[in-house]
Each structure stands twice: as C-alpha cells, then as structure tokens.
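Participant: Model the structure of this input:
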Amino acid sequence: MIYDPVTLQRTGLLKLPNQISEGWGITKQFVEVDGETQQQVLITDGSANVYVCDPKTLAVKNTIKITDSNNKPVRNLNELEMVKGKLWANVYLSNTIAIINLQTGKAERMLDFTGLVDVASNNFWQPWTREYCLNGIAYNQTSDRLIVTGKKWTKLFEIRLNE
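Facilitator: Below you'll find the predicted structure:
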C-alpha cells in the first residue's frame, strides 16, 4: 500500500509480481547507472533469492541467488536493510544475520546473534516458540548503529558496528 507521508492517507496499491511468492522483507538501495543515481527496491520471499525491483511498479529487473562460502543457497532470507553498501538479511527461524555482497551474490559473513536472543528471551511473555525469532533490522546512519529486534520482542537493541 502507498501512503501519503504527511496525511497518512492511502494513495495507491502495488501488487507483487508473479515471480515473488510472498513479500518477506523489503528495503531500498541507490545505484549509479550511466552517471545517474537511481533507486531500486530489494525484496525477499523466504527463498535464497533477492529480487531487484523497480520502485514505481515493483517489476522484477533482476534476481540474485544468495549463496554462502560453500556455494550453497542461503534460504529463508527475511528482513532486509542496506548497511554501508552491503545488504543485511536475517535468516528466518535462526539467530543469524547474513551480510551480503549484491555484486557477487555471496553472503560474506554470517553473524550469530544467539547471545542477543538469549538476553531478549528474559523478557518474552512465554517460553520461546518460533513466534519469538530474530526478525527486525534497521540502520541508523547518524549514529552508525544497527537496531535489532524480533517477533513479539518487548525490546529493541541498538548495536555499535565494529569492522
């Protein structure tokens, strides 16, 4: 759904193209094309694919299959965020966030957030179930910090990035 940012009134509706089964995660990136900066929308559907789409129509312009260092598909790609030119994606139902190079389609690093999930679990309403999985990434460029949360979590965690 498209909303006016001032009035919050719905102004339009876009449908996912047939190639994308479900919209699990979405973010935007800016790329240089013939010396001009253009915006693209990146969408995941729970597979190992990242779909590069036109921001106005959501038409798929490219599909990037994400693989690990052993060339195995990284499945269950979910929530997305662009951080310093790399795509960060949480891997659904795991404690892992993949840092992806979109030029190569490789997950260059797999970050383990088990310690954070353990801390967060102290505030869960009931014992851990799949509804409590890691499932939220945002990047604050001003503070150079990552904000992470999960389904039904009662807290957000702000994380300082180290190289």
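Participant: what distance separates stretch 92-112 from the centre of its chain?
Facilitator: Using CA atoms, centre = their mean, to the nearest Å, the distance from the centre of stretch 92-112 to the centre of the chain it belongs to is 10 Å.
Participant: How about residues contacting the lowest-mean-pLDDT helix or strand in the chain?
Facilitator: One helix or strand of the chain scores below all others by mean pLDDT, DSSP states H and E: helix 114-120, with a mean of 84. Contact partners of helix 114-120, identified using CB atoms under 8 Å, 6 or more residues apart in numbering, comprise 95, 132, 134, 148-150, 153, 155, 157, 159. Where you see a C-beta, it was placed from the backbone N, CA and C, and this is true even at glycine.
Participant: Please name every helix or strand in contact with the helix or strand that comes right after it.
Facilitator: Helices and strands here follow DSSP states H and E; after helix 114-120, the next one along the chain is strand 134-140. The helices and strands touching strand 134-140, judged by 3 or more CB pairs under 8 Å, 6 or more residues apart in numbering; DSSP states H and E, are strand 77-83, strand 86-91, strand 96-101, strand 145-150.
Participant: still on that earlier bit, pick out the most distant pair among the contacts of helix 114-120.
Facilitator: 132 and 159 (18.7 Å; CB to CB).
Participant: who has more neighbours, these two?
Facilitator: For residue 132 versus residue 159, the count of surrounding residues by other CB atoms under 10 Å is larger for residue 132: 18 against 13.
Participant: check contacts around the closest residue to residue 151 other than its chain neighbours.
Facilitator: Excluding the flanking residues, the one nearest residue 151 by CB to CB, 6 or more residues apart in numbering is residue 135, at 4.7 Å. By CB under 8 Å, 6+ apart, the residues touching residue 135 are 78-79, 90, 92, 149-151.
Participant: where does the chain have low pLDDT?
Facilitator: 123-130, 163 (pLDDT under 70).
Participant: go with 80
Facilitator: 121-132, 162-163 (pLDDT under 80).
Participant: follow-up on the earlier one: which one of the contacts of residue 135 has the most neighbours?
Facilitator: For the contacts of residue 135, counting by other CB under 10 Å, the largest number of neighbours falls to residue 90: 28 neighbours.
Participant: Surely that one touches residue 107?
Facilitator: No: the pair residue 90 and residue 107 fails to qualify as a contact (CB atoms under 8 Å) at a distance of 11.9 Å.
Participant: Overlap of the contact sets of these two?
Facilitator: With CB under 8 Å, 6+ apart, residue 90 and residue 107 have common neighbours residue 98.
Participant: Just list whatever residues bridge to the most centrally placed residue in the chain.
Facilitator: Centroid check for the chain by CA atoms, centre = their mean gives residue 80 as the closest residue, at 0.8 Å. Assessed by DSSP bridges, residue 80 has beta-bridge partners residue 89.
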